[in-house]
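Colleague: Return a 3D structure for these sequence lines:
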Amino acid sequence: MRASRAAIILLLILAAVIPVTLGGCGAKKQTDSFFAMGSYITQTVYNAENTLLESVKSDITQADANISIRIDNSYISLLNKEKTAVFDTQTYNILYSVVEFCGVTNGIFDISLLSLTDLWDIEGESPSVPNQDYIITALQSTGYENIIFGDNNTVTLNGGVWLDLGSVGKGYACDLAVEAYKEVGVSGIIAVGGSIGVNGKKPDGDNFLVGIRDPFSAAVSDIFAGIKLASGFVSTSGSYEKYFVEENKVYHHIFNSKTGYPVENELVSVSVVCDNGMLSDMLSTACFALGIDDSLSLLKQYGAEAVFVTNDKKVVITQGLRFITTVYADFEVIYI
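Modeller: Presented below is the predicted three-dimensional model:
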């Protein structure tokens, strides 16, 4: 499905970052923006009490305080420092679920790569390709198998590993927001970096439109496709988000946990749609690392769908999204 140029222009005007929202006749629309989980967060709800947005903001801010490595006294920061820590039950269960997913992917998705990512420093001021010997040494201090769960919410790290939950926090924040919207029975949408959560329909009765950023455009507001959702989550991972160039070669932030180098395949972007925000976040990273063919069984296992974008501007869409996804830009579209 393709849209006219006029439709593309309209969508770009309406797009905030990724979500596209339209108010209904007489609907009370409330919007809030704040910073947490390493991203600017925007949420919009309709016909809600004034306290809902503040409640969601409080829940996400508290979750960030529990899992962020940017916060010195978070559970994850304390665990990284002390190698043993006692967690609250909610954070313990989150970490347990994430490590289970690491196992399902055989470590393709791995939250214990901080010693490696710190070495590359892609998000820092002076990223560069490390010496091979340093990469080998850093890899020796990785491996999700070294995360040990004990009694009474105790977690221990072996093998000198360090954890970073940056690849799950944005999706988890969407889970918290959508759960809050559902509890009070209001429609709403939240954007946390590359993750989107949606509950219900817009006041005009139409589904929310979730735009997917064009990975070939420098403008974050440029979208090449839209997915219409009445509920659910969309997370996108891409090589265009964080990268540096050295000797005419691009090095991005999604790493091959076996080699210690950024993943090299045909993909520039993967968007995953499913019924859990944290899972969509993890799946988008895992599927980017796996490539299209090897992702299909993983997606099927979790009842998820995906939109893959290749470096030669092909858009590969799984069948479950065929009739709710519209591609606006000049891409070759393939359904699998």
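
Colleague: show me what contacts the closest residue to residue 28 other than its chain neighbours?
Modeller: Excluding its sequence neighbours, the residue lying closest to residue 28 (CB to CB, 6 or more residues apart in numbering) is residue 47, at 5.1 Å. C-beta: built from backbone N, CA, C; applies to glycine. Residue 47 sits next to 27-28, 186-187, 203 when contact means CB atoms under 8 Å, 6 or more residues apart in numbering.

Colleague: What distance do you get for residue 47 to residue 55?
Modeller: Per CB to CB, to the nearest Å, residue 47 is found 16 Å from residue 55.

Colleague: again, but for residue 99
Modeller: Noted for residue 99: a distance of 29 Å to residue 55, by CB to CB.

Colleague: In terms of neighbours, single out the busier of these two.
Modeller: Neighbours were tallied for residue 99 and for residue 55 using other CB atoms under 10 Å; the higher tally belongs to residue 99 (20 against 16).

Colleague: Mind checking what secondary structure that one has?
Modeller: Three-state call for residue 99 (DSSP: H, G, I helix; E, B strand; the rest coil): helix.

Colleague: Double-check it against residue 143; I have them as touching.
Modeller: No. Using CB atoms under 8 Å, residue 99 is not in contact with residue 143; the gap is 11.0 Å.

Colleague: Leaving out the residues flanking it, which one is nearest to residue 43?
Modeller: Leaving out its chain neighbours, the residue that sits closest to residue 43 by CB to CB, 6+ apart is residue 190, at 4.1 Å.

Colleague: ok, now which ones touch the one you found?
Modeller: 19, 41-44, 56, 173-174, 177-178, 196-197.

Colleague: just checking, residue 31 is part of a strand?
Modeller: Yes. Residue 31: assigned to a strand according to three-state DSSP.

Colleague: Remind me which helix or strand the nearest residue to it once chain neighbours are set aside belongs to.
Modeller: Leaving aside its sequence neighbours, residue 31 sits nearest to residue 44 (CB to CB, 6+ apart; 4.7 Å). Following DSSP states H and E, one finds residue 44 within strand 39-46.

Colleague: Which strand or helix spans residue 65?
Modeller: helix 51-67.

Colleague: Next: residue 202.
Modeller: Applying DSSP H and E, one finds residue 202 in no helix or strand.

Colleague: unless I'm mixing things up, it is touching residue 228, no?
Modeller: No. Contact criterion CB under 8 Å: residue 202 and residue 228 do not qualify, at 10.3 Å.
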